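Student: predicted model follows, preceded by the sequence.
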Amino acid sequence: MKFTIVSVCLLCVGANAAFADPISFAQDDIGHPPKGWTTTKTGRGTPKWTVERDDKEPGSALVLQQSGTATYPLALKDGPGLADGTIEVQFKAISGKEDRAAGLVWRAKDADNYYVVRANALEDNVVLYKTVNGVRSSLNSVGKKDGYGVNVPVPPATWHTLKVTFVGSRFKVSYNNKDLFEVDDKTVAGEGKVGLWTKADSVTMFKNFNVSAGK
């Protein structure tokens, strides 16, 4: 009964989440980090988060691009933290020999403690992890043991949508407007920052970052 109740609540949040206007980078300076974000990393390396022009899109819209190399580059949105809510972003995996990843971060206490769900264009899957003291561990989806996310095509050089709704210990993941799986975990509780994530040498573009707070 508990599983059913929580699942219904998550479905309601996902269906009824009222996003404010997407966070854009139209007012930022090309070649520089975006205003209102803290760019950092988990682990070692030198991330490079800059606002760039996507010349492949009509109007050459401005996007946020990560093009450095680090263990896990992070960009955390400044402002109040969230305990429960929904975040969503569009991403395009451009290149990367070791990885081609794009992720959403929530409940980040700092650069070493947070949840992240990521899509990978080299592995063609979507996986949810917890990061504790800088160590990343994958989490099983509800109803599966030893589950490593969901296999799904993630073509590079194409815009995709990644979304997560987090309420209490339950997290619901959607990809390209299709519900994929849910995870139940209590490791990182309470309020924390939301943001964006990549891995290793991934060159990834992001746009239309949406945040909706509350249950």
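Tutor: Now that the structure is in, tell me what you want to look at. Residues are numbered from 1 along each chain as shown.
Student: rest of the way, CA atoms for contacts and neighbours
Tutor: Fine.
Student: please name the residues that touch S138.
Tutor: 127-130, 148 (Cα atoms under 8 Å, 6 or more residues apart in numbering).
Student: what's the most distant pair in these?
Tutor: Spatially, the most separated pair among the contacts of S138 is K130 and Y148, at 12.8 Å (Cα to Cα).
Student: now the helices: where do they sit in the protein?
Tutor: 2-16 (DSSP state H).
Student: where does it have low pLDDT?
Tutor: The chain contains residues with pLDDT under 70 at 1-21.
Student: any idea what the residue nearest the centre of it is bridged to?
Tutor: By Cα atoms, centre = their mean, the chain has its centre lying nearest to L104, at 0.9 Å. Beta bridges link L104 to V117, L196, judged by DSSP bridges.
Student: quickly note the distance from it to I87.
Tutor: As judged by Cα to Cα, to the nearest Å, L104 and I87 stand 8 Å apart.
Student: likewise for G79?
Tutor: 15 Å.
Student: neighbour-wise, which of these two wins?
Tutor: More crowded of G79 and I87, by other Cα atoms under 10 Å: I87, with 22 against 11.
Student: dump the residue contacts of the more buried one.
Tutor: Neighbours of I87 in contact, by Cα under 8 Å, 6+ apart: 104, 163-165, 194, 209-212.
Student: spatially, which residue comes closest to it, not counting chain neighbours?
Tutor: Leaving aside its chain neighbours, I87 sits nearest to V211 (4.6 Å; criterion: Cα to Cα, 6 or more residues apart in numbering).
Student: wouldn't the one you found be in contact with G85 here?
Tutor: Yes - taking contacts as Cα atoms under 8 Å, V211 lies within contact range of G85: 7.4 Å.
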